[in-house]
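> coordinates only, sequence not included:
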């Protein structure tokens, strides 16, 4: 999914929620972005669900901790 | 929409005019995101206001997770001109409040289902009333309480039981979510997610509640209500251009019919409607005369400006005729260029872009900050007819010439004054909060402050109602006075703009102040005055009444009590007291 339109949309969502540019960061992850807190995490989840028409389970919400993990799970859900 | 003004963050600093236009263009661009049927969280979070904002401290008392609603509340409040500082307490089912510092507004936002197994809805409302009395003891700010969101059967018992403490405490307002809950039904909730969000509210429920908070409930408590909606005709009230399509050719779509009906409902809620169109007046009159399918008629607009002049000139004339400040006007037009020209030339004017799909304009009117009000007073229903009557009054006044007494007699002008009437508190708060032009001290007293003043024998809360054979103007003036030794301090004095221009100001002030129970034995009356851009009529009156110039700094203007007593007499006006 790298370089796909979906990845670009995920990056836009992360930048909107984090209110920051992620230029130069290959795979933004929760542990490396200071303001990716629990509230921001839910903002990201809601925006991903709206954008891709999917719904994440409580367990999945806890596992989506980087752009790559998000892209992977979105791809899986869209394929299902 | 295509607007040839590129918002530039730095434009305003170098060129104020360009900065202003960029800000107005940005406001128009925000409309689709704010007023969509289902606003998109990502679009909302990306909005950042390039226009000036006023800071407001809003404190939330809650027992569930409201943060995901507050994040999207910000853009709605920015659209209303507010830079919010949210103060969010810990989850607290018991509403202990603790020590509170200053805030502009207190919001109580409870998940009532958390109490369901402990209290019946009416008992919960009683308990909440007790807790709000405690809150009132610690904060003078208005209190907004989001109403029942528990099982539907509990809604009415809760509201019924809550009405009494809410009215007793003063300054407590119930945010009515019934329409929203009915519309979304089970979609308002997402209990499955509550473990991670901290609330039963769904994402959609949070966004739509935030919109009501940011566009209706909070603006209604933080700023005076707008007073007039000025609407364009072509491609606004109908689809098509009258001058090209003719009266029979312009289309009343279902959306435009809904828009016209919504405008009438807003008029009935107390707002003035005015028509502003570049057309020949005879064509527009013929349109309204022949199109029986139009819900609105020519006479539904107390003021019209149909000509080929600049719309900014027409807007200024309309405001002048309605005797309101242009800053209290919302201008609705389908042409962004007209909106930009008008807002550039008429400072403070609010504007709304009428969309090709008129239902989008309806949605925008439903949520435009400053149009919605909590409780409609008797005066809201009287306003439009009263304003129409002003034209006839002006004619009688012109005919009377120098003999103003003849004007009063001809119209049977009657002034009815009350002092310390509990039933007038809502109207007193309304006039104190919204009067701009004849407002001496700009105290902006809220409903929360008035019950204590009413109970204090040193204070006098007075109202004046004006009526003549043309119309009942309702309560058009208030004075809030305090007796201190031999002086009477007029802390708040407001006269509605509708009552100005009838040469009655002296009599109204005289009856309000000297006709009350605290006046006996007073030797002087003190009028605190605060200068502001919009209260020039108050300044002019006080300077004339006191017989002296007024300083620019806030000042206390002292007038002999005998001067006020003399003003309270006018043999040509019928005086009644209640």
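Cool, got the structure. Because the structure is a prediction, the values reported are computed rather than measured.
> which bits of chain B sit near chain A?
B:40-42, B:45-46, B:67-68, B:71, B:192-193, B:195-197, B:203 (Cβ under 8 Å from any Cβ of the partner chain). Every residue, glycine included, has its C-beta placed from N, CA and C.
> residues near the residue in the stretch 51-200 of chain B positioned nearest to chain A, how many?
Residue nearest to chain A within the stretch 51-200 of chain B: residue B:67 (5.1 Å; Cβ to the nearest Cβ). Residues near residue B:67, counting by other Cβ atoms under 10 Å in any protein chain shown, number 18.
> right, and it touches residue B:88 too?
Yes. Counting by Cβ atoms under 8 Å, residue B:67 does reach residue B:88; the two are 7.1 Å apart.
> helices along chain A, start to end?
Taking DSSP state H as the criterion, chain A contains helices spanning A:5-18, A:38-52, A:58-63, A:67-79.
> need the pLDDT of the residue nearest to residue B:189 when sequence neighbours are not counted.
Excluding the flanking residues, the one nearest residue B:189 by Cβ to Cβ, 6 or more residues apart in numbering or on different chains is residue B:200, at 4.9 Å. According to the predicted model, the pLDDT of residue B:200 comes to 95.
> can you check residue B:4 too?
With respect to pLDDT, residue B:4 scores 35.
> for chain A, which residues are neighbours of chain B?
A:12-13, A:16-17, A:19, A:39, A:42-43, A:46-47, A:49-51, A:58, A:61-62.
> same thing but 6 Å
Taking Cβ under 6 Å from any Cβ of the partner chain, the part of chain A that reaches chain B is made up of A:16, A:39, A:42, A:46-47, A:58, A:61.
> narrow those to those that are buried.
Listed as buried from the residues of chain A next to chain B are A:16, A:39, A:42, A:46-47, A:61; burial here means 16 or more other Cβ atoms under 10 Å in any protein chain shown.
> out of the residues you listed, which is nearest to residue A:26?
residue A:16 (19.2 Å; Cβ to Cβ).
> which residues touch that closest one?
With contact taken as Cβ atoms under 6 Å, 6 or more residues apart in numbering or on different chains, residue A:16 is in contact with B:42, B:45-46.
> between those residues, which is closest to residue B:30?
Taking the contacts of residue A:16 together and measuring to residue B:30 by Cβ to Cβ, the closest member is residue B:46, at 10.3 Å.
> tell me the contacts of the most centrally placed residue in chain B?
Residue closest to the mean C-alpha point of chain B, counted by Cα atoms, centre = their mean, is residue B:225 at 1.2 Å. Counting by Cβ under 6 Å, 6+ apart, residue B:225 touches B:370, B:373, B:434.
> gap between residue B:474 and residue B:518?
Taking Cβ to Cβ, to the nearest Å as the measure, residue B:474 falls 25 Å from residue B:518.
> and what of residue B:84?
In this view, residue B:84 and residue B:518 are 40 Å apart by Cβ to Cβ.
> and what of residue B:36?
With the distance defined as Cβ to Cβ, residue B:36 ends up 54 Å from residue B:518.
> picking up where we left off before, now the phi/psi pair for the residue of the stretch 51-200 of chain B closest to chain A, please.
Backbone torsions of residue B:67, given as degrees, to the nearest 10, read phi -60, psi -40.
> what bits of chain B have low per-residue confidence?
Along chain B, segments meeting pLDDT under 70 span B:1-14, B:376-378, B:380-381.
> ok, and the closest non-adjacent residue to the residue of the stretch 151-300 of chain B at minimum distance from chain A?
As assessed by Cβ to the nearest Cβ, chain A sits closest to residue B:203 within the stretch 151-300 of chain B, at 4.7 Å. Sequence neighbours aside, residue A:46 is the residue nearest to residue B:203 in space, at 4.7 Å (criterion: Cβ to Cβ, 6+ apart).
> my guess is that neighbour contacts residue B:204. True?
No. Contact criterion Cβ atoms under 6 Å: residue A:46 and residue B:204 do not qualify, at 9.5 Å.
> tell me where the stretch 151-300 of chain B has strands.
B:172-175, B:228-231, B:272-277 (DSSP state E, counting those that start in this stretch).
> direction included, what does the last one pair up with?
Read that as strand B:272-277. Here strand B:272-277 is paired, per DSSP bridges, with strand B:228-231 (parallel), strand B:303-306 (parallel).
> got the phi and psi for the residue nearest to the centre of chain B?
According to degrees, to the nearest 10, residue B:225 has phi -70, psi 150.
> now do residue B:108
When read as degrees, to the nearest 10, the backbone of residue B:108 gives phi -110, psi 120.
> identify, from the contacts of residue B:225, the entry nearest to chain A.
Taking Cβ to the nearest Cβ as the measure, residue B:370 is the one of the contacts of residue B:225 closest to chain A, at 28.2 Å.
> helix, strand, or coil at the closest one?
Under the three-state scheme (DSSP: H, G, I helix; E, B strand; the rest coil), residue B:370 adopts coil.
> is it in contact with residue B:226, as I believe?
Yes. Using Cβ under 6 Å, residue B:370 makes contact with residue B:226 at a distance of 4.1 Å.
> the longest helix in chain B is where?
Longest helix in chain B by number of residues, with DSSP H as the criterion: helix B:378-400.
> list of residues touching it?
For helix B:378-400, using Cβ under 6 Å, 6+ apart, the contacting residues are B:267, B:269-270, B:302, B:322, B:406-407, B:410, B:470-474, B:498.
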